[in-house]
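In: Give the three-dimensional model of this entry:
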Amino acid sequence: MSFQNRMPESSNKKFGRGEVIKLLAVAVLFIAAGVSILETQFFPSAISQLKVNDIASENITAPASISYPSELATAAERNRAESRVTPLYSRPDPEVARTQLAVADNVLAFLDAVRADTDPNLSAAEKLDWIMQVQPVSFSKEEAADILNLNESLWQD
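Out: Numbering: from 1, shown residues only. As a prediction, this is how the structure comes out:
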């Protein structure tokens, strides 16, 4: 005896066109009823009936706390903090001044030597390169050219 022989005859029945339409109509009505029940408020609260510019009869709180940085408040706080800092001055260190003077003297001596160099094998471009490589001072190409082209009396002043 096969499995199909044990099944009742009604299980092999196919749905007719009218029954399919009835099932679809019931499904559509069920979905529409479910949506309308979910969307309808049966007991509306006073909060849900508020309109713009109405005064609420009770406090309304947000479901979550949200914060954002205020640029104005941040700038005001930065200015307040800056004004509370007192300037701190230390006495001048004579050793620093001596060191800076020695560096300046060395740079000027080097510039004097480059300007006074009359070696015929040394081109003006090489002199410009030498001046632009002076450390710890940095000169642009235009400044180096001005140093080379300055007449001797102005250079000594």
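
In: Stretch 63-77 spans what distance, first to last residue?
Out: Separation of the first and last residues of stretch 63-77 by CA to CA, to the nearest Å is 29 Å.

In: List the buried residues for that stretch?
Out: Residues of stretch 63-77 include none that count as buried (16 or more other CB atoms under 10 Å). The C-beta positions use only the backbone N, C-alpha and C, and glycine is treated the same way.

In: Next: stretch 33-40.
Out: Buried, per 16+ other CB under 10 Å, within stretch 33-40: nothing.

In: how distant is that stretch from the center of its chain?
Out: Computed by CA atoms, centre = their mean, to the nearest Å, the separation of stretch 33-40 from the middle of its chain amounts to 45 Å.

In: pLDDT (mean, whole number) over that stretch?
Out: Average pLDDT, stretch 33-40: 83.

In: ditto for stretch 106-117
Out: 89.

In: Show residues contacting the helix or strand containing A27.
Out: Using DSSP states H and E, A27 falls within helix 17-39. The contact list for helix 17-39 (CB atoms under 8 Å, 6 or more residues apart in numbering) reads F15.

In: so how far is that helix off the chain centroid?
Out: 53 Å.

In: Can you pull out the low-pLDDT segments for the chain?
Out: Filtered on pLDDT under 70, the chain yields the residue ranges 1-13, 41-48.

In: What segments of it are helices?
Out: Counting by DSSP state H, the chain has helices at residues 3-6, 17-39, 71-84, 94-116, 124-132, 141-149, 152-156.

In: Nearest approach to T61 belongs to which of the ones you listed?
Out: helix 71-84 (22.9 Å; CB to CB).

In: What count of nearby residues applies to K127?
Out: 18 (other CB atoms under 10 Å).

In: which ones are touching it?
Out: V114, D117, A144, L148.

In: Surely the first one is in contact with M132?
Out: No: in terms of CB atoms under 8 Å, V114 does not count as a neighbour of M132; the distance is 10.7 Å.

In: More neighbours: those two, which one.
Out: With neighbours defined as other CB under 10 Å, V114 and M132 compare such that V114 has more, 18 against 15.

In: ok, V96 to A64 distance?
Out: For V96, the distance to A64 (CB to CB, to the nearest Å) stands at 57 Å.

In: No more questions from me, cheers.
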